[in-house]
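Peer 1: Need the 3D shape of this:
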Amino acid sequence: MKKLSYLLVVLFLASCTSNTIFKKPEDLIPRDTMTLLIKDMMIASSAKFVKNNNDQKKINYMAFVYDKYKIDSLRFQNSNFYYTSKIDLYEQILQDVQNNLDEKKEFYSEISAKNDSIRKDSIKKAAVNLRKSDSIKNSENE
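Peer 2: Just a heads-up that it's a prediction; the model follows:
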């Protein structure tokens, strides 16, 4: 009985491992395009909860991403299944996406910091000008 239970455990563990690799689709999205596509999809999915210029939220921007790359959701799905079956390649794609997003974040953080410093400088100048004009008005009233 003990040997039978070991055999069943080994068979169960062996049956759980799956090395399924899907057949390469005819219209496979190239790796570099897939990287850019996933990056834009992540941005689009994040933008869903941010108000746009018309103060609207919960807008699905995925259709715009598909239009930008001239693909449909089925082609993306087939390519995504293929790449996910090759986990090492998919991991590299996701790492490239993360690096691209980090670069964008750093770029926009620098711009934001620059704009904030400009605002602070203009507020300081306005405060100085206000104090000068107040001091001139006070000296005129005396």
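
Peer 1: pLDDT (mean, whole number) over the host helix or strand of residue 115?
Peer 2: Taking DSSP states H and E as the definition, residue 115 sits inside helix 87-141. For helix 87-141, mean pLDDT is 77.

Peer 1: Equivalent analysis for stretch 43-63, please.
Peer 2: Taken as a whole, stretch 43-63 has a mean pLDDT of 78.

Peer 1: Buried residues of that stretch, list them for me.
Peer 2: Neighbour-count burial for stretch 43-63 flags 44, 59, 61 (criterion: 16 or more other C-beta atoms under 10 Å). Backbone N, C-alpha and C define where each C-beta goes, glycine included.

Peer 1: Could you tell me the end-to-end distance of it?
Peer 2: 13 Å (C-alpha to C-alpha, to the nearest Å).

Peer 1: Give me the residues contacting it.
Peer 2: Contact with stretch 43-63 is made by 41, 64, 65, 73, 101, as judged by C-beta atoms under 8 Å, 6 or more residues apart in numbering.

Peer 1: From the buried residues of stretch 43-63, pick the one nearest residue 24.
Peer 2: Residue 24 lies nearest to residue 44 out of these, by C-beta to C-beta, at 26.6 Å.

Peer 1: Now the closest one. Its backbone dihedrals?
Peer 2: As for residue 44, its main-chain torsions (degrees, to the nearest 10) stand at phi -60, psi -40.

Peer 1: Chain neighbours aside, what residue packs nearest to it?
Peer 2: Closest residue to residue 44 apart from its sequence neighbours, by C-beta to C-beta, 6 or more residues apart in numbering: residue 61 at 3.8 Å.

Peer 1: quick one, phi psi at that neighbour?
Peer 2: Backbone torsions for residue 61, taken as degrees, to the nearest 10, come to phi -90, psi 0.

Peer 1: Kindly provide the distance from it to residue 69.
Peer 2: Per C-beta to C-beta, to the nearest Å, residue 61 is found 13 Å from residue 69.

Peer 1: Kindly report the same for residue 38.
Peer 2: Distance from residue 38 to residue 69, counting by C-beta to C-beta: 11 Å.

Peer 1: Pull out the buried residues from the helix or strand hosting residue 78.
Peer 2: Using DSSP H and E, residue 78 falls within helix 73-85. For helix 73-85, the neighbour count (16+ other C-beta under 10 Å) marks 75, 76, 78, 79, 80, 82, 83, 85 as buried.
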